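Q: Generate a structure from the sequence data that follows.
(one chain, ligands or ions: 1)
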Amino acid sequence: MKRRLGFSTRAVHGDPEVLPDWSPVVTPLYQSSTFTNPIGSTQEVLYTRYGNNPNQVLIAKRLALLEGAEAALFVASGMGATALAHLAMLRPGDHLISSEWVYGTTHKLFEGEFGRLGIDVSFVDPLEPRLWKRALRKTTRAIFVETPTNPLLRVIDLEPIAALCKTEGLALLVDSTFATPINFRPLEHGADLVIHSATKYLNGHADVIAGAVVGSEAVIEEVRKLMRVWGQAIDPMAAWLVERGMKTLVVRVERQNQTALAVAEWCSRQAQVAKVHYPGLPSHQDHEVAKRILNGFGGMVGVELKGGARAAERFLRALTIAAHAPSLGGVETLVSEPRLTSHAALTPEERARAGIPDGFLRFSIGLEDADDIIADFAQALAQL
Ligand SMILES: *Cc1c(COP(=O)(O)O)cnc(C)c1O
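A: Next up, the predicted model:
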């Protein structure tokens, strides 16, 4: 029997093969839209829009191994992955129940675009399993959840939701971008389909836009068909970079877990900080759930400054290492303000009610030395 390989080995090698002499150790970049095919062959042709370019095929296999899935598929962006995953499961007239705490553009996709396609979406508080049940209709086909959530890092226990999906015959789709397969694998908790913005941790270097869908061979085949006709294939160069990024996924995420915990603990001792949101802190509402279901608490930290928007601006202006930028999951520490990014559509009162008062900062902790990130935050706080 073959030994079961660890996540780091999987991330670097996939299913390791002994290389013939004079092989490149790194996968070559197949920057080619098309490939020669045998004359008279009835086999599927190789064409990069079909997603069967070797760079595209390789990263899909690699991610499937990490998520413990039959199959995976990379596409052009995280939004491409979210759209195609749902379109593979839903038809006009169908109803989707979504967590109300989802990525802003996902919300727009569901409300605007899906409405036009005749797919109705209800939004519910994901921490109230009763509400999921109450939102059920005869036409409900699927449930969508994002966990951990942005920017409060709420950790949603999938098991009660998966149980409901099972009894009602619904598909459970989970956006696991913040967790990565290193910290959480939704398929092990009853999900049917996992969605990633590979732009974030999977690639991890803030130089690629990409997305992925992970699940059973049958469902991924449906997503693949849609990818081909909607023109959502990932570019070979992006796929090559994602392969390179994924090789270091385990060490990056483990280090980001460690540094984020150190930063969160430090922040929670600062006088200028009203509240810290990090699932690794005992003060977080979901700390017990997080300890039970996550393998690591992640690299994202939410911090409420006491001085509101003015304090947030002063803090951002004073930073010398961390950059003020949206997005997350890269090697550089980034800080963003949800009031101007993900939650810009809400009024200040609505944001405060949602637990994101002005003065809220979201940190995506990078790979710098923890001491240096903390020193940068310390000198910025000192200027408030
Ligand atoms: C960034 C993000 C997306 C969208 O991904 P893109 O690659 O920008 O299209 C979706 N979900 C979550 C949780 C994200 O953080």
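Q: how many neighbours does the residue of the chain found nearest the ligand have?
A: Of all residues in the chain, the one sitting closest to the ligand is G78 (2.2 Å; CB to the nearest ligand atom). Bear in mind the C-beta positions are built from the backbone N, C-alpha and C, glycine included. By other CB atoms under 10 Å, the residues close to G78 number 24.
Q: ditto for H189
A: Residues near H189, counting by other CB under 10 Å, number 17.
Q: do the same with S41
A: Here the count is done by other CB under 10 Å, and S41 has 8 residues near it.
Q: now do P338
A: Count around P338 with other CB under 10 Å applied: 23.
Q: if I pick it, what's in contact with it?
A: 150-151, 351, 356, 360, 362 (CB atoms under 8 Å, 6 or more residues apart in numbering).
Q: just the helices in the stretch 51-200 of the chain please.
A: Taking DSSP state H, counting those that start in this stretch to define them, one finds helices in the stretch 51-200 of the chain at 54-67, 78-89, 104-108, 115-116, 129-134, 158-168, 180-183.
Q: Which strands and helices lie in contact with the longest helix seen in the chain?
A: Across the chain, the helix with the greatest residue count (assigned by DSSP state H) is helix 249-267. Helix 249-267 sits against helix 7-13, helix 180-183, strand 273-277, strand 300-305, helix 370-382, with contacts defined as 3 or more CB pairs under 8 Å, 6 or more residues apart in numbering; DSSP states H and E.
Q: ok, back up a step: could the helices of the stretch 51-200 of the chain be laid out in TSV, adding distance to T36 and mean pLDDT?
A: Shown next, in TSV, are those (distance: least, CB to CB, whole Å; pLDDT from 0 to 100):
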stretch	distance to T36	mean pLDDT
helix 54-67	14	98
helix 78-89	28	98
helix 104-108	39	94
helix 115-116	41	95
helix 129-134	52	91
helix 158-168	45	96
helix 180-183	36	98
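Q: Tell me which of those helices approaches P38 most closely.
A: Among the helices of the stretch 51-200 of the chain, helix 54-67 comes nearest to P38, with 17.0 Å by CB to CB.
Q: quick one: buried residues of the closest one?
A: Residues 54-60, 62-67 are the ones in helix 54-67 that count as buried (16 or more other CB atoms under 10 Å).
Q: ok now stretch 327-342, how far from the chain's centre?
A: Computed by CA atoms, centre = their mean, to the nearest Å, the chain-centroid distance of stretch 327-342 equals 14 Å.
Q: Can you spell out which residues form a bridge with L73?
A: With DSSP bridges as the criterion, L73 is bridged to V213.
Q: That one against M227, yeah?
A: Yes. Contact criterion CB atoms under 8 Å: L73 and M227 qualify, at 6.6 Å.
Q: who has more neighbours, those two?
A: The neighbour comparison of L73 against M227 (other CB under 10 Å) goes to L73, with 29 against 25.
Q: wait, what's in contact with the more buried one?
A: L73 makes contacts with 51, 60, 212-214, 220, 223-224, 227, as judged by CB under 8 Å, 6+ apart.
Q: Just put these in CSV and tack on distance to R185.
A: Formatted as CSV, the contacts of L73 follow (distance: CB to CB, whole Å):
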residue, distance to R185
G51, 23
A60, 16
A212, 14
V213, 15
V214, 9
I220, 16
V223, 19
R224, 22
M227, 23
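Q: helix, strand or coil for E288?
A: Secondary structure, DSSP: H, G, I helix; E, B strand; the rest coil: E288 is helix.
Q: residues near it, how many?
A: 13.
Q: before we move on, what about the one 10 residues further on?
A: If you count neighbours by other CB under 10 Å, G298 ends up with 29.
Q: Phi, psi for it please.
A: Phi and psi for G298, reported as degrees, to the nearest 10, are phi 100, psi 170.
Q: In contact with the residue nearest to A290 when sequence neighbours are not counted, which residues?
A: Nearest residue to A290 in three dimensions, chain neighbours excluded: P279, at 3.8 Å (CB to CB, 6 or more residues apart in numbering). When the contact criterion is CB under 8 Å, 6+ apart, the partners of P279 are 148, 153, 155, 286-287, 290, 294, 297-298.
Q: out of the residues you listed, which are buried?
A: Buried members of the contacts of P279, scored by 16+ other CB under 10 Å, are 148, 153, 155, 286-287, 290, 294, 297-298.
Q: Would you convert the residues you listed into CSV that also reports pLDDT?
A: As requested, the buried ones among the contacts of P279 are exported to CSV (pLDDT from 0 to 100):
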residue, pLDDT
P148, 98
L153, 98
V155, 98
D286, 98
H287, 98
A290, 98
L294, 98
F297, 98
G298, 98
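Q: Between these, which sits nearest R185?
A: Of the buried ones among the contacts of P279, the one sitting nearest to R185 (CB to CB) turns out to be L294, at 10.2 Å.
Q: just checking, the closest one touches V155?
A: Yes. Between L294 and V155 a contact is recorded at 6.5 Å, counting by CB under 8 Å.
Q: Any stretches of the stretch 1-150 of the chain with poor pLDDT?
A: Counting by pLDDT under 70, the stretch 1-150 of the chain contains low-confidence ranges at 1.
Q: Which residues of it lie near the ligand?
A: Applying CB under 6 Å from any ligand atom, we find that the stretch 1-150 of the chain lies next to the ligand at 77-79, 103, 106, 146, 150.
Q: farthest pair in the buried ones among the contacts of P279?
A: H287 and G298 (12.9 Å).
Q: where do the contact lists of the two overlap?
A: Common neighbours of H287 and G298 are listed as 279-280 (criterion: CB under 8 Å, 6+ apart).
Q: And the strands in the stretch 201-350 of the chain?
A: 211-215, 273-277, 300-305, 323-324, 334-336 (DSSP state E, counting those that start in this stretch).
Q: Might you report the residue contacts of the closest residue to L319 other than its chain neighbours?
A: Residue nearest to L319 in three dimensions, not counting chain neighbours: A380, with 5.2 Å by CB to CB, 6+ apart. A380 sits next to 314-316, 318-319 when contact means CB under 8 Å, 6+ apart.
Q: Just those residues: which are in helices?
A: Among the contacts of A380, the members found in helices (DSSP H) are 314-316, 318.
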